[in-house]
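In: please work out how this folds:
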Amino acid sequence: MNSAVWLPYCGPAPAGGEWRWNLDPVLIAGLLAAAVVFAWRARGRERALGLAATGVLAISFVSPLCALSSALFAARTVHHVLLVAVAAPLLAWALPARRTGPLVLATAAQAVAFWIWHAPGAYAWALSHDAAYWLMQTSLLGTALWFWAGVRCASAPAAVAQLLIAMVAMGLLGALLTFAGQPVYAPHLLTTAAWGLTALEDQQAAGLIMWAPAAAVYLAAALLTLGRWIGPDARAGAGAA
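Out: A predicted model of the protein is given here:
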């Protein structure tokens with residue numbers, strides 16, 4: 001497989017030790033505009049969360065992580081986890097709370113989008129065309145934002161249940177990639193050696209990232225929600241009522 005076939009948005013795979021920033025002026029202008037909007041229109045916690053989300057997006061798309069994700073599937077996984085498990089919940093709590101329909105639909109949409117874009121064919125397509133790349137990124141972020149906004153407005157039992165389902169969906173995909181017997185992502189077959197990894201080792205590292213730290217975000221959110229639901233503050237409030 002000729003690596004020149006793959007022309008990802010973040011540019012060609014960098015050589016080992018090369019740290020390349022993405023200075024796309026349209027992207028940078030969009031991120032600066034988002035930061036200005038949050039700084040100007042939001043207040044207090046919402047402003048801080050919005051600016052933090054913008055910073056996470058900048059790390060994902062502007063920092064050398066963007067170029068590194070052209071070389072390593074593990075770096076691409078970190079990039080996607082930052083979108084769906086860090087930037088999306090920050091945005092969900094930075095924006096005005098509003099009901100977005102049944103949470104179960106948001107959970108399904110998030111899982112389907114994540115699984116589809118990590119199918120080898122869809123993933124390769126996204127690294128071949130800028131339009132497909134941005135379709136991947138916006139659908140991952142959009143469905144995750146829908147999910148987290150739903151979690152914010154849902155009852156505690158519903159939120160805990162759907163967070164655990166999301167955790168299982170993320171962990172299951174990670175486990176499948178970790179135990180796969182061969183590399184399945186064609187764009188990375190020839191790009192990992194410069195970073196001291198085989199394509200299979202890179203894929204296994206990505207699977208472990210999904211299986212452990214990424215899934216743990218959903219578990220932590222479920223435990224936090226559960227603690228607030230049944231904790232001493234909740235019981236005191238119920239007693240006072």
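
In: how about low-confidence regions in the chain?
Out: Where the chain drops to pLDDT under 70, the residues are 1-6, 231-241.

In: hmm, try it at 90
Out: For the chain, the stretches flagged by pLDDT under 90 are 1-8, 15-18, 41-43, 97-101, 227-241.

In: where do the helices sit along the protein?
Out: 25-41, 44-61, 65-71, 73-82, 88-94, 103-117, 120-126, 130-153, 156-178, 199-209, 215-230, 232-240 (DSSP state H).

In: distance to T192 and mean neighbour count added to those helices, as CSV?
Out: No exception for glycine: its C-beta is placed from N, CA and C like everyone else's. Shown next, in CSV, are the helices of the chain (distance: least, C-beta to C-beta, whole Å; neighbours: other C-beta atoms under 10 Å):
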stretch, distance to T192, mean neighbour count
helix 25-41, 26, 13
helix 44-61, 20, 18
helix 65-71, 7, 23
helix 73-82, 8, 23
helix 88-94, 28, 21
helix 103-117, 20, 19
helix 120-126, 15, 16
helix 130-153, 20, 19
helix 156-178, 14, 19
helix 199-209, 4, 21
helix 215-230, 24, 16
helix 232-240, 48, 9
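
In: including distance to T191, could these go into a markdown table?
Out: Compiled in a markdown table, the helices of the chain are given as follows (distance: least, C-beta to C-beta, whole Å):
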| stretch | distance to T191 |
| --- | --- |
| helix 25-41 | 22 |
| helix 44-61 | 19 |
| helix 65-71 | 4 |
| helix 73-82 | 9 |
| helix 88-94 | 28 |
| helix 103-117 | 19 |
| helix 120-126 | 13 |
| helix 130-153 | 16 |
| helix 156-178 | 17 |
| helix 199-209 | 8 |
| helix 215-230 | 26 |
| helix 232-240 | 50 |
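
In: so which of those is nearest V184?
Out: helix 120-126 (4.6 Å; C-beta to C-beta).

In: how about the closest one as PDB, C-alpha atoms only?
Out: What follows is helix 120-126, C-alpha atoms only, in PDB (Å, rounded to 0.1, in the frame of the first residue of the first chain):
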ATOM      1  CA  PRO A 120     -11.500   0.500   8.500                       C
ATOM      2  CA  GLY A 121     -13.300   1.600   5.300                       C
ATOM      3  CA  ALA A 122     -14.900   4.800   6.700                       C
ATOM      4  CA  TYR A 123     -11.700   5.700   8.500                       C
ATOM      5  CA  ALA A 124      -9.600   5.300   5.400                       C
ATOM      6  CA  TRP A 125     -12.100   7.500   3.500                       C
ATOM      7  CA  ALA A 126     -11.900  10.200   6.100                       C
END
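
In: ok, residues contacting that helix?
Out: W6, P8, I116, W117, A132, Y133, L135, M136, V184, Y185, A186, P187 (C-beta atoms under 8 Å, 6 or more residues apart in numbering).

In: try stretch 22-42
Out: With C-beta under 8 Å, 6+ apart as the test, stretch 22-42 has contacts from 10-11, 46-47, 50-51, 54, 57-58, 61-63, 66-67, 94.

In: one more: stretch 111-118?
Out: By C-beta under 8 Å, 6+ apart, stretch 111-118 touches 80, 84, 122-123, 126, 136, 139-140, 143, 165-166, 169-170, 173, 177.

In: which two of these have the greatest separation?
Out: A126 and I165 (25.2 Å).

In: need phi/psi at N22.
Out: phi -100, psi 110 (degrees, to the nearest 10).

In: excluding chain neighbours, what is closest to it?
Out: If the residues on either side of it in the chain are set aside, N22 comes closest to C66, at 4.4 Å by C-beta to C-beta, 6 or more residues apart in numbering.

In: with that, I have no additional questions.
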